[in-house]
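Asker: predicted model follows, preceded by the sequence.
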Amino acid sequence: MTLYEIKHEIAHLASAELQTPDPEGTLWFFKELLGMYETHRSGASVYLRGYEDPYLWSLKVTEGPVAKMVHAGMRVSSPEALERRAAVLAESGLPGGWMDGEFGYGHTYWFHTPDGHEMRLHWEVEHYHAHPTMQSKILTRPSKKPLQGIPVKRIDHLNLLAADVTPVKETFEQHLGMQTRERLVDGPVEHGAWLSSNLLAHELAIMRDGHGARGRMHHIAFFYGVQQHNFDAAEMFRDYNVMIEAGPDRHGLTQGAFLYVFEPGGHRVELFGDPGILEREPDFDTKTWTMEDIDTVTAIGGAGLPRETYFTYGTPPV
Ligand SMILES: [Fe+2]
């Protein structure tokens, strides 16, 4: 299959599992402040979803010694797409294999990126069906909007750190058909790549790790879709002593309205105030930004991203 033919094999980002040393604080953050619903508990893990997440969970919070992303899951576009992507990944020599038994997700192919991040591909999923008292009158919404915090609708995107961006980017491009919509370069060095397989500007970003570490996460993002919510959330975070790193402002790259905070377990979480640019062209050109435009790349309004944290901090911390 050509790259044009495989470009819709990945449907969307579905889920992520975060390990936290402070499960009480992390769950307070996601449930009370971001209004995510708890759908299940098992062992050291709690499963959460936003009110427009379609499946049983989009965020699994697991107690553990350090803050780190354990895995992230993407849904493929058909059972055949899963077989095809698994075959290509197995052929590539990257560590991987079939697994079963994750709550809410069926037969799954897992693999490691060249930097060591664990990714999973699913076709079989369990959709969320709300109790009749919690069903929304809006038919495209799987459950009522919750009454607490400033509730997020759904998982939006994932930003991974890599010691070397290019091989990770190429894995998602060549084996999964994802497209690099934008990238940031410093001379010959690729500093970041923003990839998608659908209308969204990005569902996966890979940025160069300032410490040269491998397999870390920069941030996970959840979607509001309303820019004002980022300001409302900033007020809430300020009042409840959640550390704000940057924003609210708008990135030039992806055009996304951002707000970055640190949840009590140590993960950087982004609130995404709107979808950013939507890509409709089948033959768009990848846009390449250079360091001369870094101010526009990071924040159109000039909020800036603090160098002492934004370009070095990730989870697990080093
Ligand atoms: Fe982001």
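Answerer: Ah, there it is.
Asker: pLDDT score for the residue in the stretch 1-150 of the chain that the ion sits nearest to?
Answerer: Proximity of the stretch 1-150 of the chain to the ion (Cβ to the ion) peaks at residue 13, 11.7 Å away. In this view, the C-beta of every residue, glycine as well, is placed from N, C-alpha and C. We have a pLDDT of 98 for residue 13.
Asker: same thing with the one 3 residues further on?
Answerer: pLDDT for residue 16: 98.
Asker: ok, the host helix or strand of it: who's next to it in the sheet?
Answerer: Assessed by DSSP states H and E, residue 16 sits inside strand 10-20. If you go by DSSP bridges, strand 10-20 pairs up with strand 59-63 (parallel), strand 68-76 (antiparallel).
Asker: dump those to CSV, plus mean neighbour count, distance to residue 188 and mean pLDDT.
Answerer: Converted to CSV, the strands paired with strand 10-20 look like this (neighbours: other Cβ atoms under 10 Å; distance: least, Cβ to Cβ, whole Å; pLDDT from 0 to 100):
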stretch, mean neighbour count, distance to residue 188, mean pLDDT
strand 59-63, 21, 37, 99
strand 68-76, 21, 29, 98
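Asker: for the ones you listed, give me TSV that also has distance to the ion.
Answerer: Below are the strands paired with strand 10-20 laid out as TSV (distance: least, Cβ to the ion, whole Å):
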stretch	distance to the ion
strand 59-63	16
strand 68-76	14
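Asker: around the ion, pick out the residues from the stretch 201-318 of the chain.
Answerer: 221, 270 (Cβ under 5 Å from the ion).
Asker: re earlier: packing partners for whichever helix or strand comes after the strand holding residue 16?
Answerer: Using DSSP H and E, the helix or strand that follows strand 10-20 in sequence is helix 23-27. If you count contacts as 3 or more Cβ pairs under 8 Å, 6 or more residues apart in numbering; DSSP states H and E, helix 23-27 packs onto strand 45-49, strand 59-63.
Asker: repeat that for 7 Å
Answerer: If you count contacts as 3 or more Cβ pairs under 7 Å, 6 or more residues apart in numbering; DSSP states H and E, helix 23-27 packs onto strand 59-63.
Asker: output the strand it packs on as CSV, restricted to C-alpha atoms.
Answerer: Below are the C-alpha coordinates for strand 59-63, written out as CSV (Å, rounded to 0.1, in the frame of the first residue of the first chain):
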residue,chain,number,x,y,z
LEU,A,59,-7.5,7.9,30.9
LYS,A,60,-6.3,5.2,33.2
VAL,A,61,-4.6,6.4,36.4
THR,A,62,-2.3,3.9,38.0
GLU,A,63,-0.5,4.2,41.3
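Asker: what's in contact with that strand?
Answerer: Outside strand 59-63, the residues within contact range by Cβ atoms under 7 Å, 6 or more residues apart in numbering are 15-20, 23, 26-27, 30, 36, 44-48, 70, 155.
Asker: any idea of the angle it forms with strand 45-49?
Answerer: Interaxial angle of strand 59-63 relative to strand 45-49 (axes from the mean of the first three to the mean of the last three Cα atoms, to 10 degrees): 160 degrees.
Asker: quick one: strand 59-63 to chain centroid distance?
Answerer: In this view, strand 59-63 has its centroid 14 Å away from the chain centroid, taken as Cα atoms, centre = their mean, to the nearest Å.
Asker: who's the residue nearest the centre of the chain bridged to?
Answerer: Centrality entry for the chain: nearest residue to the mean C-alpha point is residue 158, 2.2 Å, by Cα atoms, centre = their mean. Applying DSSP bridges to residue 158 yields these beta-bridge partners: residue 204, residue 220.
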